[in-house]
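Visitor: what's the 3D shape of this:
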Amino acid sequence: MQNIKITIAYDGSAFHGWQLQPRELQTIQGTLQEALRRITQERIMIHGASRTDAGVHALGQVAHFKTNSNLTAQELQRAMNALMPPTVRVVESVDVGQDFHSRWQAQAKTYRYRIYRGRILPPFVYGRVLHYPWELNEDAMAAAAREFEGERDFTSFAASTGSEEDDRDRDMMRLIYSSEIVRDPVNCEIAYVVRGKSFLRYMVRKIVGTLLEVGKGKLQPSEIARIFEARDRTQSGPTVQPQGLYLVNLEYPDPANSWATFRAQRTKKA
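Guide: Residues are numbered from 1 along each chain as shown. All right, here's what the predicted structure looks like:
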């Protein structure tokens, strides 16, 4: 049996997120699995590294699946791309060891949120950016962005599960390696780029909403610490629309490090 690691790029505009839905809704995972079913005649489960929400895009989503097919990883890639809509593409496909797991072995993820600053939104970026042509203090936003770095309790910057009991039981600590505002004056854009170990649902979009409040002058960068301490999601900014959000890439340990070693390290930390 082969264990295949694939890297996927997709325009999430027409999809109801990554994860399979109980109703007949189009998802990225479902699209990939249907293509593989037609190719291999097997019922294959694809495991994704990140469960992106409806409308969110990806440049480097990673997933893996196991198959008894005799087709090579590259042959599977070509066949999948031939069957899927052009808005979803497998950009890389490799045969990896049986112990590889796309979700549990991911060491870091990078997200980018694009904000278009021009007065008129070009049709070519419609549905792929947040359009905000009004005045923003970008220097204040850049200062506030750095306040999210480090290991923090992100309760104030995450969506509720809908259950108070589940919310109490969740581990809200997250480690952010870098958090910054990047300017692209040529294309009239700024972007929020964040790299971290893992993320809570809507976390990046809530952070961007908070940074926009800073840019508008409704919050000061110094107030970010207070919002963290409040552990109250009503204190942060609004959750911005998903269309500007991109999963850029995922990082993994050296292939020489086995899953057994990884599990041993997790057990030791626990």
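
Visitor: List the buried residues in stretch 114-133.
Guide: Neighbour counts over stretch 114-133 (16 or more other Cβ atoms under 10 Å) mark 114, 115, 116, 117, 121, 125, 128, 129, 130, 131, 132 as buried. (C-beta placed from N, C-alpha, C; glycine too.)

Visitor: what about the protein, any weak spots by pLDDT?
Guide: Applying pLDDT under 70 to the chain flags residues 161-169, 255-270.

Visitor: redo that, cut-off 80
Guide: Applying pLDDT under 80 to the chain flags the ranges 23, 160-169, 254-270.

Visitor: All the strands of it, in order from the start?
Guide: For the chain, the strands defined by DSSP state E cover 2-10, 47-48, 57-67, 88-96, 108-116, 130-131, 150-153, 173-184, 189-196, 245-251.

Visitor: Any idea which of these gets closest to residue 16?
Guide: Residue 16 sits nearest to strand 2-10 of all the strands of the chain, at 12.5 Å, using Cβ to Cβ.

Visitor: still on that earlier bit, mind checking which of the strands of the chain is nearest residue 214?
Guide: Nearest to residue 214, of those and by Cβ to Cβ, is strand 173-184 at 10.1 Å.

Visitor: Pull up the pairing partners for the closest one, direction included.
Guide: strand 150-153 (antiparallel), strand 189-196 (antiparallel) (DSSP bridges).

Visitor: contact partners of that strand?
Guide: For strand 173-184, contacts defined as Cβ atoms under 8 Å, 6 or more residues apart in numbering pick out 108, 138, 141-142, 145-154, 189-200, 203, 207, 211.

Visitor: ok and that strand relative to strand 108-116, angle-wise?
Guide: Relative orientation of strand 173-184 and strand 108-116, computed by axes from the mean of the first three to the mean of the last three Cα atoms, to 10 degrees: 40 degrees.

Visitor: All set now, cheers.
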